[in-house]
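**Q** quick one: sequence plus predicted model below, questions after.
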Amino acid sequence: MRCISMVFGFDRAFDIGQDFAMFVRIEVATRPEFPDARAQALLDHIQVQRPEIRRKIRWARLMEVYWLEIPRAREEVISACQEIFQDKTTQWLFTGNLIPAASGERGGIEDLMEASPVRPGKFWGVERRLRPGVLDTKARAAFEALTLVLGGSIAELQVSTGDLLLLEGVQLREDDLALLAREVWCHAAFETWSFLPEHELSGNDRFVQDRVRREEAPARLSVPGATASVSLQAFAQRLGSSRVRRERAEGGVAIDALSSLDWGRWDSAEREKKLTELAIQLGRKLDLSELKALLEQWNTPEVFKFRSTLGLPRHPTLTELQVVAEAWSEEARQAVLTAPFVALGDEGSAQASGLVSATLGATVQQVPKSWIISAGDQRPAVLALDEQTWVSFGIRQSGSRPGRAVEQAALQSLLGGQRETWGAERPALPLAQSFFQVLPEQMNEESTLSLTRAIELATTRTQVPVLAGAEGLANAAQESPLMAGATLGVVIRKDREPIRIGDRLLSITWAGKTQESREDPVFQRQLQDLLVELEALQWVSAIRAGASGSTLVTALRMATEAGGLQVEAAEILGQRDRVLLAVSPERLKEVERKLLASRIEFQVVGEFTDSGRLLLTRSKVPVGDFALSFLWNGPEQHAISFDPEAMSSTANYSPPDRLPFSQHGATLLKAVLAQPGIRSPERLVAASDFEAQGNAELKPLNRGNLGTPGVSYGPNDATVLLVGQQSFKASGFLEGHVHEMALGLGICQRQGISDPRWQAESAVDEAARNVVASGALLGHPDVVGGLSVQWFGPPVQQDPRAAAHLFAALEGVRDAALALELPVLTASTTFSRELTCGFAVCHALGRLRSRRRAQSADFKFSGDLIYLLGPEVECLGGSRFADLFGCTPELSVLPEPQWSLARLIYSWLGGVLGKEKYRVRSVHDVSDGGLLVAVTECSLARGLGAYLRLPEGVDPEAWAFGEGFHRFVVSSSDPDSTYLEAEWSALGIPYQRIGVVTSSDRLEMGGAWSVPLQELRRAWTQKGTSR
Amino acid sequence: MRTPVALVLGGDSIGGLQETANAFRQARFDVEVESLDSLIRQRLSLDQLNTRYQALALPGGYSAGDDLGAGKFLAIKIRHGLGWDLARFVERGGVVLGVGNGFQALIRLGVFLKDISITRNDHGRFVNEWTRLVPIGNRCIWTRGLGSLDLPVRHYEGRVVISAGARLETWARMERLGMACLQYASDINGSEERIAGICDATGRIFGLMPHPENFVRWTQNPEWTQQPARASSPGQGLMIFENGYHEVLRSL
């Protein structure tokens, strides 16, 4: 494909080689009688980010702009453009004079300006154009539409897209527009933006080739990969170019410092010193132990001899250093999870051989489950629901990166999770996700818009809904968003053959060929559809994506599976945006045809071998070589030290500072309801609150009494969805039973306590409670269920206190999981210096016996009795209430878990024990916020009130806001209550009758106070009172 | 008597094909799911379409991410990639159902009237809720015999509009032909005359923004937990697919 260096005018055809190309610029505008939702959304963003500019904007419209080069006659082009871009009822097209009838009376943008409420006003245009190489799905669609309408393949057809923002505001200045473009509207994906003053907007110069300012060539649909040299150069720059010399024209570069090391001549102290210097020179991309391992590997005559045969220098090339730095990075290896832990101090004999095996792995090993196909590492676990239906359950964390846009971070977390599902060893079709996020406080207002938009885009465009959502508390130091998710998928085919020697490695880019990956849910869905089809057709040996975001690590896994790999270094190094396929030579042509037909860009970049080595090439010339075992195993791991003394289990609260509960309980309740983690998760799940591919039986937000005024929604504890009806082949359906699965999550972040073990146990218990409350069976040996655990915390390698927290937390997870017989199916960690304290997020998966067992949280009928099921709590330690309002030392005690009681209650709720469970009309777990918050949430969905009685002899605040383990609010009809109470008593399940459901739309506290549900809803949805 | 076969179009990131296929299957159709690209490669002609299939379904779910306009890309593929004339398909006994994005594509294809279009909701927001619907008249074979029903809606672009210059004439024609066959009980998106679904003059091509395929069993309705005894009952949306089945049987 040739490049052009200028933009062509619409009204002239130019000879570009052998073809004629006609340039057309098309602006698509919504007609003035219809509201412009895109412009309004942008104004909302400006209001948040730059209110002073928003005040100056009196009116705005947003147009899509297409730049086309079409090698066809004018009449054909006009007809095609009308068909593709015009809607006579709702849109105008501005095309200069190409299609004057497609716009208003004047035939130009002035027709739109006439609709401005202020005439004559002062108008500006701000135009942005996508950067060449950025994935542009709109251009792809226009390209294909033009090809179809004009007929046949059109070799010189080119399309690029952008937007034109039309603004009116007499006080607007160019400075304002520059600020607007830079800070609000034009992110990294956009190459150019320019201003168009009113006289230029009114004229037609921008449509006429001779009068257009010279610009860069428009983005092309297909740009040959050019990332290789860029990433290498970037790495070299980080290392310091003065220390780098080019050794091979193809990019093999050695470090002077390395070649001057004389390993055998120095004693150990001198080695340490030299290596320290070298680590600094290398920008600390490799630490001392890694350098030692590397040099020991290199300094043998055998290696030297072998390298000579490949034409490689004696010392590691820059490519090789880059490979090691990526493959051994903490992000890729999650080394902390496998490292031994050693306790410091006088009694420092305690040592765990590896954190995972000692803690989380124990839950899989000690509680064997026949339905676990694979589990216990960082990849998605695979579980068998029956002989035919297998599901995968994996987690994805979106690491903290300063300055990262919330929208892209959320998209990466959600779409990355989906990629890991279909790019796993057992490719699976993603069904649903759970999502957790913590946003820095200073970002919150703006981030709400971005986050909502990102979740809407990701879920609607990919049709993979977020069915469980929660948010955490940001600390003062946090500047970047933290996000994490778990993805449930259905395995596409059970029987797989391994990657074979001779299979080709194909690389597909999913983010456009730019340095900064850009997530696009539309393209992702297209790619997913294609890959699922290839997998179902058994045309590929392997599909891989994800693996900690590093393409190198993904390739390394594949190479290890096959036994060796020869690969183009540029395609796997420094890349996070590649999907890799292993394809047999016999199938290669078919797969290539399929990819081409779907307009998916790909390259054949390598071939699997049986050499036991990873051979890296540039343009097929060797530039690096490793024994796979060396690269995979990494350097010997050093123990991470922790200080057991740092693990206190104290609760430190400020003295109480609050109004008395007897008079102001409603005010206190509203303040608690408005807290992150308690308040409505609507912005996380609302866009997805529809059927999960037609299969959601219980939704995350429960809407009651359709069409009844004043009734809205309330939370459910978990989502229940059907698994087993998914289509994997165009021509058929997966046969087999339908299974009901519950998906929920639990988290415990508390400011007032420093007991990571307690918090971890709380998180596990909450996750379990959530799925149990929704009707799932947990802990039964034959019933599928388990946890995915994500740890967020400060780096532990150099910080014994942080290490102690991690160790204690994972012990807490282990003990709770073992007590509940819930295996930890997969785990991962994210370390960030912005985090001052660590916490665990637990995603839980449970299985129901039938859909009839699904139970929602909402009160169903007035007159029903309300019970508190579970142990009493007589303290405020560990509660949100204590965090908010302080606590006396006497009430600061932390409630203790009672796991045997938990199993009793959970078994009864799951229907394993007893026979009266079906008499229960609602179940909601008591978690963040305590009993009153749980009762409020039960009331919200149907607008039914509650009358509660405070038991005698209890501390009212501890009763109302204390948080413990294993507790639920349940309701039942009056006649059924006799049977239930008798069964609870017989089984030894503690319960209290605490009140009655009313039709009064108020929450009444035993004559002491009452509050309208509407006020509580406002607090909970953040649309009114907060503290 | 052979079992009617429904063709459900997929590909191009159409999201709702599984639910739609499942709904047709529950209504006793045999179902085939084919991607548009595959059909284009096969060059499946209108004659072949009529021979092999009795029902054609255009599912919902953001084909091509709504780039170029909701349903536009799908419409271009059907018209130019496949060259199908849906009016002729139904003349020969076929029935067509378009849901959500499929309805938008039917409008872009001009299957209804040329002055009807569809655009963003008047409030500019994504609607995602259950809503009550009222069938109008008996022209549409898909809604025949239905009372008011509740279905989920989820869309950004569901507002049916009529060209300002031809509003009276177009609306009168729609009324005369019984084309506006499904209304929202309350205004949820600014749609003209609260139109939720339209059929063509034959009543055999029907498009609607709500999603009947997502209410084929009672447990899909959020109300079900209040009436768990009905957990095994069918959902109201299933009747739409069953009506299509019975109509096809009559035509065979």
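**A** Good, I have the coordinates. On a predicted model such as this, the values are computed, not experimentally measured, just so you know.
**Q** show me the contacts for the spatially most central residue of chain B.
**A** What sits nearest the mean C-alpha location of chain B, by CA atoms, centre = their mean, is B:G98, with 2.5 Å. Taking CB atoms under 8 Å, 6 or more residues apart in numbering or on different chains, we find B:G98 in contact with B:A57, B:L58, B:Q104, B:A105, B:L106, B:I205, B:F206, B:G207, B:L208. C-beta coordinates here come from the backbone N, C-alpha and C atoms, glycine included.
**Q** repeat that for B:F73.
**A** Contacts of B:F73 by CB under 8 Å, 6+ apart are A:A141, A:E144, A:A145, B:D12, B:S63, B:A64, B:D67.
**Q** recalculate using a threshold of 10 Å.
**A** With CB atoms under 10 Å, 6 or more residues apart in numbering or on different chains as the criterion, the residues that contact B:F73 are A:84, A:140-142, A:144-145, A:148, B:12-13, B:36, B:63-67, B:101, B:105, B:108.
**Q** narrow the residues you listed to those in strands?
**A** Among the contacts of B:F73, the subset assigned to strands under DSSP state E is empty.
**Q** and the residue of the stretch 151-252 of chain B nearest chain A?
**A** Closest approach between the stretch 151-252 of chain B and chain A, counting by CB to the nearest CB: B:T225, at 4.1 Å.
**Q** tell me the SS of that residue?
**A** Secondary structure state of B:T225, per DSSP: H, G, I helix; E, B strand; the rest coil, is helix.
**Q** my guess is it contacts B:T219, does it?
**A** Yes: look at B:T225 against B:T219 with CB atoms under 10 Å: they come within range, at 8.6 Å.
**Q** identify the contacts common to the two.
**A** With CB under 10 Å, 6+ apart, B:T225 and B:T219 have common neighbours A:E697, A:L698, A:A854, B:A231.
**Q** residues near the first one, how many?
**A** Yep, that's A:E697 we're talking about. A:E697: 28 surrounding residues under other CB atoms under 10 Å in any protein chain shown.
**Q** if you skip the residues just before and after it, what's nearest to it?
**A** A:V720 (4.5 Å; CB to CB, 6 or more residues apart in numbering or on different chains).
**Q** where is the longest strand in chain B?
**A** Longest strand in chain B, counting by DSSP E: strand B:127-135.
**Q** how about it and chain A, any contact?
**A** Yes: using CB under 10 Å from any CB of the partner chain, strand B:127-135 reaches chain A at B:N128, B:E129, B:W130, B:T131, B:R132.
**Q** just send the residues you listed back as a markdown table, with neighbour count and pLDDT too.
**A** Output for the residues of strand B:127-135 next to chain A, formatted as a markdown table (neighbours: other CB atoms under 10 Å in any protein chain shown; pLDDT from 0 to 100):
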| residue | neighbour count | pLDDT |
| --- | --- | --- |
| B:N128 | 18 | 83 |
| B:E129 | 16 | 84 |
| B:W130 | 20 | 87 |
| B:T131 | 20 | 91 |
| B:R132 | 17 | 93 |
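**Q** export those to TSV and tack on distance to A:E387?
**A** What follows is the residues of strand B:127-135 next to chain A, written out as TSV (distance: CB to CB, whole Å):
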residue	distance to A:E387
B:N128	37
B:E129	39
B:W130	36
B:T131	41
B:R132	43
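**Q** just the residues you listed now: which is nearest A:V342?
**A** B:N128 (52.2 Å; CB to CB).
**Q** where along the stretch 851-1000 of chain A do the strands fall?
**A** A:865-869, A:920-925, A:945-948, A:968-972, A:991-998 (DSSP state E, counting those that start in this stretch).
**Q** which one of these lies closest to chain B?
**A** Using CB to the nearest CB, the strands of the stretch 851-1000 of chain A put strand A:920-925 closest to chain B, at 8.0 Å.
**Q** can you classify A:E592 by secondary structure?
**A** Three-state assignment for A:E592 (three-state DSSP): helix.
**Q** now it: how far from A:I508?
**A** From A:E592 over to A:I508 the distance is 11 Å, taken as CB to CB, to the nearest Å.
**Q** more neighbours, the two?
**A** Between A:E592 and A:I508, counting by other CB under 10 Å, A:I508 is the more crowded of the two (19 against 15).
**Q** for the helix or strand encompassing that one, packing partners?
**A** Using DSSP states H and E, A:I508 falls within strand A:504-509. For strand A:504-509, the packing partners by 3 or more CB pairs under 10 Å, 6 or more residues apart in numbering or on different chains; DSSP states H and E come out as helix A:521-537, strand A:542-544, helix A:551-562, strand A:565-568, helix A:569-572, strand A:578-583, helix A:585-597, strand A:602-608.
**Q** pLDDT of that strand, averaged?
**A** For strand A:504-509, mean pLDDT rounds to 89.
**Q** same deal with stretch A:447-461?
**A** Per-residue pLDDT over stretch A:447-461 has a mean of 82.
**Q** quick one: buried residues of that stretch?
**A** Neighbour-count burial for stretch A:447-461 flags A:447, A:449-461 (criterion: 16 or more other CB atoms under 10 Å in any protein chain shown).
**Q** out of everything not next to it in sequence, what's closest to A:L457?
**A** Nearest residue to A:L457 in three dimensions, chain neighbours excluded: A:P521, at 5.3 Å (CB to CB, 6+ apart).
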